[in-house]
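1. Quick one: sequence plus predicted model below, questions after.
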Number of protein chains: 2
Amino acid sequence: MSGSRAPTLREVARHAGVHVATASRALNTAQQHLVSEDTRARVQAASAALGYRANAVAQSLRTGTTGTIGVVVADLANPFNASILRGIEHGIQDRGILPLVVETHDHPERMRSAVARLLGNRVDAIVLCAAHTGDEAYVRELARTVPLVLAVRGFGLRLGAGSGDGPAEVLQDDVLGARAAVDHLVGLGHRRIAQLPGNPTISSFVERASGYRAALADHPGVHDLSSGSHASESSVAEGRRLAAELLSREAARRPTALFAHNDLIAVGALDALRAAGLRCPDDVSVIGYNDAPLSDHLDPPLTTVRLPSFELGGRTARLVLEALDGVRESPRSVMLSPEFIPRRSTSAPRLESGS
Amino acid sequence: MSGSRAPTLREVARHAGVHVATASRALNTAQQHLVSEDTRARVQAASAALGYRANAVAQSLRTGTTGTIGVVVADLANPFNASILRGIEHGIQDRGILPLVVETHDHPERMRSAVARLLGNRVDAIVLCAAHTGDEAYVRELARTVPLVLAVRGFGLRLGAGSGDGPAEVLQDDVLGARAAVDHLVGLGHRRIAQLPGNPTISSFVERASGYRAALADHPGVHDLSSGSHASESSVAEGRRLAAELLSREAARRPTALFAHNDLIAVGALDALRAAGLRCPDDVSVIGYNDAPLSDHLDPPLTTVRLPSFELGGRTARLVLEALDGVRESPRSVMLSPEFIPRRSTSAPRLESGS
DNA sequence: TTGAAAGCGGTACCAG
DNA sequence: CTGGTACCGCTTTCAA
């Protein structure tokens, strides 16, 4: 297999009876005008005849730019990340940039080694979608080494956003999303609600939690019955565990509505309800987050918060391109708004005696 | 941002007071033994002090190997593909190989240009998960250019599998999966069934269709009420369209069970049933394919066929590594078996008069 | 054990 | 418009 070695530019040049330099010019659109019509044709013919394909490795070494960007993502199995990736790809493809995608599975050490590899491969820029709250110092330092765009996950304080230093960032307003969820529940009449929080080492969940609390503070009559615990990972199993904990309480201290930080956690909550002989939304309402595929076909269809993931990828791509082009005047911090999607997993609470 | 240029080996060498060649040897584990204990320490200290990171581009150019493989996938939004990718990544990561992932969105031209780019980047091997039936000649030729592993999708005839030429392949037995689905339905008592086929330019769907027909041929009393049409893409909308077509028939010519080639198509069928005022499984049973995330939480939970996607990725990775190592004696064709997952979207057909 | 030098496959500057 | 040449950063033979 893998037949004889790929032809080199040198071979193409010899074939066309010209010097390598001339062949290079003839094939490079940016300077074809420096070459006579005639030789250009001969070189291109030779190139086609030999099936020549420029060695990107050699080009990179010479030009100091690889035409690749690194994309560091927590988990490709998460369709939300896949969608961001597609947005990024869409945004950079017509510039001929190739994304190198690496997964971290949410291990900070893997994140660092992934970045190290990308750096070794001399990517022109890095998009980091897998930051943890503890990575702040590292990320800040990294941004001094390579053009960096922080996507999806950031750090509470804006890292020099707007100013020239620190990474650019494209985030979504998780505080707003959480507020929308709480307002919806309160509007339906719920007075005892609880959140099922995601892992607090991830900024999205920190923000959702604080949005939740802030919204509750605006509604004095509403009680927060959240337990102290959070999901270690965003999974159905963890959702089941968290919800079961809450549902095992005596009825009076049991929430009538649950705000899950993630759709899978919400699905786990639905399982727990069923296991406890409770019905959704009749006994307990449930809200998810992300609008995962098929969440509209669950039993019941899940009320959730949709993130503009594809667009987020697109905006990220734009910031990357601007960074590569050395554009300085553009905004270096973008905040996208989520969209609240009411479906059938939420309804007014059952009428009852007591507060 | 992007501070002063990354340090080179030359700089490390100067810093340590040795020649570049010596520095190279001191940092390369494979030949550290050629260097004195003392200088090795000095070089490594200098390397650490400068924050040196070997330029993989230069290494690649010199050694002729990039430590990267290309992975061509139809669509990352499909969790099935994401899972295969993880299997591949898992299988190659300890060898320090980086996968370059490119999406084709099932456009054959994009597939070719994606492959061309990967070839330009001098990947050491290519995994093709996005082949169409019409790509056979192209793929056969490609396999002569670069070590190639065909995953998930193949071509009806084994392309020189087992022999030395043609691509290696890791497929799953779609015929078997379709048979399992049909046998399940017939076992439940269904006598009028139909399939909702996926796009026939993709081998998986061709195989599922032929498995379906073969299984029906084994059950003479069972009628195939499939329409001639197929889904142009595997989506809920297409499933809805196909199913609606079938359900618009008069009751006697209407199937009591549907075998969809894909879970999303099956979900569309569930929608169509609901829209027609029919219930699943009471009026019509539905089977999907792939065991998509949350398909177990649908209304009703979807009977489906699970593919060993992660393992498929792992086997693919193994074949890639063997190809890179020049192993010749290993099997070059792997066929994995699917697992039938009965859930609540299938049941015995409603008792009725007539055949 | 270390240094010298060639060269991987291109690009780009300088002459002519 | 074309040829000559240096060089990107590293690895690897060959000598010393």
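-> Structure's in. What do you need? Everything numeric here is computed off the predicted structure, so don't read it as measured data.
2. Next up, the contacts around the residue of the stretch 201-350 of chain A found nearest DNA strand D.
-> Ranking the residues of the stretch 201-350 of chain A by distance to DNA strand D (C-beta to the nearest atom of the strand) places A:Leu324 first, at 18.3 Å. C-beta here means a position set from N, CA and C on the backbone, and glycine is covered the same way. Contact analysis of A:Leu324 by C-beta atoms under 8 Å, 6 or more residues apart in numbering or on different chains lists A:124-125, A:147.
3. which one of these is nearest chain B?
-> Within the contacts of A:Leu324, the smallest distance to chain B is 5.4 Å, found for A:Pro147 (C-beta to the nearest C-beta).
4. ok, so of the contacts of A:Leu324, who is nearest DNA strand D?
-> Using C-beta to the nearest atom of the strand, A:Asp124 is the member of the contacts of A:Leu324 that lies nearest DNA strand D, at 14.6 Å.
5. In contact with the closest one: list those residues for me.
-> A:Asp124 touches A:65-69, A:97, A:147, A:324, counting by C-beta under 8 Å, 6+ apart.
6. again, 10 Å this time
-> A:Asp124 makes contact with A:60, A:64-70, A:97, A:146-147, A:320, A:323-324, B:2 under the criterion C-beta atoms under 10 Å, 6 or more residues apart in numbering or on different chains.
7. cool, A:Leu50 as well?
-> A:6-8, A:11-12, A:14-16.
8. where along chain A do the helices fall?
-> A:9-16, A:20-27, A:37-50, A:56-63, A:79-92, A:108-120, A:136-142, A:174-188, A:203-217, A:236-247, A:263-275, A:309-325 (DSSP state H).
9. From A:Gly288, how far out is A:Asp165?
-> 37 Å (C-beta to C-beta, to the nearest Å).
10. Below-threshold pLDDT in chain A: ranges please.
-> The model of chain A has pLDDT under 70 over residues A:1-4, A:157-164, A:329, A:352-355.
11. Quick one: neighbours of the residue of it found nearest chain B, just the number.
-> Nearest to chain B, among the residues of chain A, is A:Asp299, at 3.5 Å (C-beta to the nearest C-beta). When counting by other C-beta atoms under 10 Å in any protein chain shown, one arrives at 15 neighbours for A:Asp299.
12. A:Leu9 versus that one, what's the distance?
-> According to C-beta to C-beta, A:Asp299 stands 62 Å off from A:Leu9.
13. Equivalent analysis for A:Ala21, please.
-> Taken as C-beta to C-beta, the span from A:Ala21 to A:Leu9 is 9 Å.
14. next one: A:Leu319
-> According to C-beta to C-beta, A:Leu319 and A:Leu9 sit 35 Å apart.
15. Which one of those two is surrounded by more residues?
-> A:Leu319 (27 against 18).
16. The more buried one contacts A:Val149, doesn't it?
-> Yes - counting by C-beta atoms under 10 Å, A:Leu319 touches A:Val149, with 4.8 Å between them.
17. Quick one: name the residues of chain A near DNA strand D.
-> Contact residues, chain A versus DNA strand D (C-beta under 7 Å from any atom of the strand): A:18-22, A:25, A:33-40, A:58, A:61-62, A:64.
18. ok, 10 Å please
-> Contacts of chain A with DNA strand D, taken as C-beta under 10 Å from any atom of the strand, map to A:10, A:13, A:16-26, A:31-40, A:42-43, A:57-64, A:120, A:122.
19. Can you tell me which of those are buried?
-> Buried members of the residues of chain A next to DNA strand D, scored by 16 or more other C-beta atoms under 10 Å in any protein chain shown, are A:13, A:16, A:18, A:22-26, A:35, A:39-40, A:42-43, A:57-61, A:120, A:122.
20. closest to DNA strand D among the contacts of A:Asp124?
-> Comparing those against DNA strand D with C-beta to the nearest atom of the strand places A:Gly64 closest, at 6.4 Å.
21. Return the distance of the closest one relative to B:Arg5.
-> Per C-beta to C-beta, A:Gly64 is found 9 Å from B:Arg5.
22. Same question for A:Gly17.
-> From A:Gly17 across to B:Arg5, the span is 39 Å (C-beta to C-beta).
23. Please give me every residue in contact with the closest residue to A:Pro338 other than its chain neighbours.
-> The spatial neighbour of A:Pro338 that comes closest, neighbours along the chain excluded (C-beta to C-beta, 6 or more residues apart in numbering or on different chains), is A:Gly177 at 3.9 Å. Each residue near A:Gly177 by C-beta under 10 Å, 6+ apart is listed here: A:204, A:207-208, A:211-212, A:259, A:261, A:287, A:289-290, A:304-307, A:337-340.
24. next one: A:Ser295
-> A:Ser295 is in contact with A:263-264, A:266-267, A:288-289, A:301-304, A:306, A:341, A:343, A:345, B:294, B:297, counting by C-beta under 10 Å, 6+ apart.
25. Chain neighbours aside, what residue packs nearest to it?
-> Residue nearest to A:Ser295 in three dimensions, not counting chain neighbours: A:Leu302, with 4.4 Å by C-beta to C-beta, 6+ apart.
26. any idea how far that neighbour lies from A:Ala244?
-> Look at A:Leu302 and A:Ala244: by C-beta to C-beta, they are 19 Å apart.
27. With A:Ser234 instead?
-> A:Ser234 is 17 Å from A:Ala244, by C-beta to C-beta.
28. Between the two, which has more neighbouring residues?
-> A:Ser234 (26 against 16).
29. and the nearest residue to that one once chain neighbours are set aside, how many residues sit next to it?
-> Distance criterion C-beta to C-beta, 6+ apart; nearest residue to A:Ser234, sequence neighbours excluded, is A:Asn262 at 4.1 Å. A:Asn262: 30 surrounding residues under other C-beta under 10 Å.
30. same thing with A:Pro220?
-> When counting by other C-beta under 10 Å, one arrives at 7 neighbours for A:Pro220.
31. Phi first, then psi, for it.
-> Dihedral pair for A:Pro220: phi -60, psi -30, per degrees, to the nearest 10.
32. show me what contacts it?
-> For A:Pro220, no residue meets the contact criterion (C-beta under 10 Å, 6+ apart).
33. and chain A, which residues reach DNA strand C?
-> Within reach of DNA strand C by C-beta under 10 Å from any atom of the strand, chain A has these residues: A:5-13, A:19-28, A:30-31, A:34, A:47, A:52-65.
34. ok, and which of these reach chain B?
-> A:5-6, A:53-62, A:64 (C-beta under 10 Å from any C-beta of the partner chain).
35. Closest to B:Asp75 out of the contacts of A:Ser295?
-> B:Leu294 (17.9 Å; C-beta to C-beta).
36. Would you check that A:Phe205 makes contact with A:Glu233?
-> No - the criterion here is C-beta under 10 Å, and A:Phe205 misses it with A:Glu233 at 11.0 Å.
37. Now do the shared contacts for these two.
-> Common contacts of A:Phe205 and A:Glu233 (C-beta under 10 Å, 6+ apart): A:198-199, A:262.
38. hmm, back to that, quick one, which of the contacts of A:Ser295 are buried?
-> A:263-264, A:266-267, A:288-289, A:301-304, A:341, A:343, A:345, B:294, B:297.
39. Please report phi then psi for A:Phe7.
-> One thing to correct before we go on: residue A:7 is Pro, not Phe. Torsion angles at A:Pro7 (phi, psi; degrees, to the nearest 10) stand at phi -70, psi 150.
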